[in-house]
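[1] sequence? don't have it. structure:
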DNA sequence: GCTGTATATTTATATATTTGTATTAATAAA
DNA sequence: TTTATTAATACAAATATATAAATATACAGC
């Protein structure tokens, strides 16, 4: 599938997914969820050392745009990548910096 | 290099590069520049059927954030990918949609 | 029911982005 | 030097986003 074949809607969805990822906190979240990892809001907010409400907000954005999915188990909500594929984006960015150094 | 080893500055730069890409027009531009293609502002504005000034603006953002580089030749300015690697991001997004269908 | 823990939402303020129109700058050719 | 072409910039209006603080909801255990 080439991008020329994208409908306007698909192009906009792709942009909105990328935009969701394009934030230091959210790149870090994606990194922790690489390889099928599932983490709770509390785990992530402690790992990143940011407020719980801020963490939930960022996770909400990623879920809303289709980057993450979540599954509630008792008191906890586990978040994980919706498309394993998406961790390649973070990988790709690290490669760019590898070339620089 | 893992993302944990990123400095805050590198993480912010990665985010700002992704943010630059995260727009329907700019994803389309990246797609046209895949594979080492070099195109002028006019060519891109005609391909995408958008205003010249809008095109120049989007190209400026991509260049400013380190996604594209440019080279002036006479009246024309050719734009091209700074890291061949970056076209993998567009590729990755297309794969996400491939899985959906 | 009530209490504590885990998440989510709302709200307000500040800031940034997108887009078009108009203008300006740079180069090439006549 | 005048003109045509190409590209970049300035400006303004509408829209979107980031952030933190406060509040609300969901669930488990008692």
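    Arrived safely, thanks for sending. Remember, it's a predicted structure, so these values are computed and weren't measured experimentally.
[2] Roughly how far does the spatially most central residue of chain A sit from chain B?
    Residue closest to the mean C-alpha point of chain A, counted by CA atoms, centre = their mean, is residue A:30 at 4.2 Å. For residue A:30, the distance to chain B (CB to the nearest CB, to the nearest Å) stands at 8 Å. Where C-beta positions appear, they are placed from N, C-alpha and C, glycine not excepted.
[3] Ignoring the adjacent residues along the chain, who's closest to that residue?
    residue A:90 (5.2 Å; CB to CB, 6 or more residues apart in numbering or on different chains).
[4] Please state the backbone phi and psi of residue A:77?
    Backbone geometry at residue A:77, expressed as degrees, to the nearest 10, gives phi -120, psi 120.
[5] I figured the residue nearest to the centre of chain A hits residue A:89, correct?
    Yes: judged on CB atoms under 8 Å, residue A:30 makes contact with residue A:89 at a distance of 7.5 Å.
[6] Point out the residues in chain A that sit beside chain B.
    Residues of chain A lying close to chain B by CB under 8 Å from any CB of the partner chain are A:1-4, A:6, A:8, A:10-19, A:21-24, A:26-28, A:31, A:83, A:85-86, A:88-90, A:92-99.
[7] Drop anything exposed from those residues.
    Buried members of the residues of chain A next to chain B, scored by 16 or more other CB atoms under 10 Å in any protein chain shown, are A:3, A:6, A:10-11, A:13-19, A:21-24, A:26-28, A:31, A:83, A:85-86, A:88-90, A:92-97.
[8] Show me the residues you listed that map onto helices.
    When those are checked against helices (DSSP state H), the matches are A:10-11, A:13-19, A:21, A:24, A:26-28, A:31, A:88-90, A:92-97.
[9] Give the residues shared as contacts by residue A:30 and residue A:89.
    Listed as contacting both residue A:30 and residue A:89 by CB atoms under 8 Å, 6 or more residues apart in numbering or on different chains are residue A:21.
[10] Report all helices and strands that the worst-scoring helix or strand of chain A on mean pLDDT contacts.
    For chain A, using mean pLDDT, DSSP states H and E, the weakest element among its helices and strands is helix A:87-100, scoring a mean of 79. If contacts are counted by 3 or more CB pairs under 8 Å, 6 or more residues apart in numbering or on different chains; DSSP states H and E, helix A:87-100 sits against helix A:8-21, helix A:24-32, helix B:8-21, helix B:87-100.
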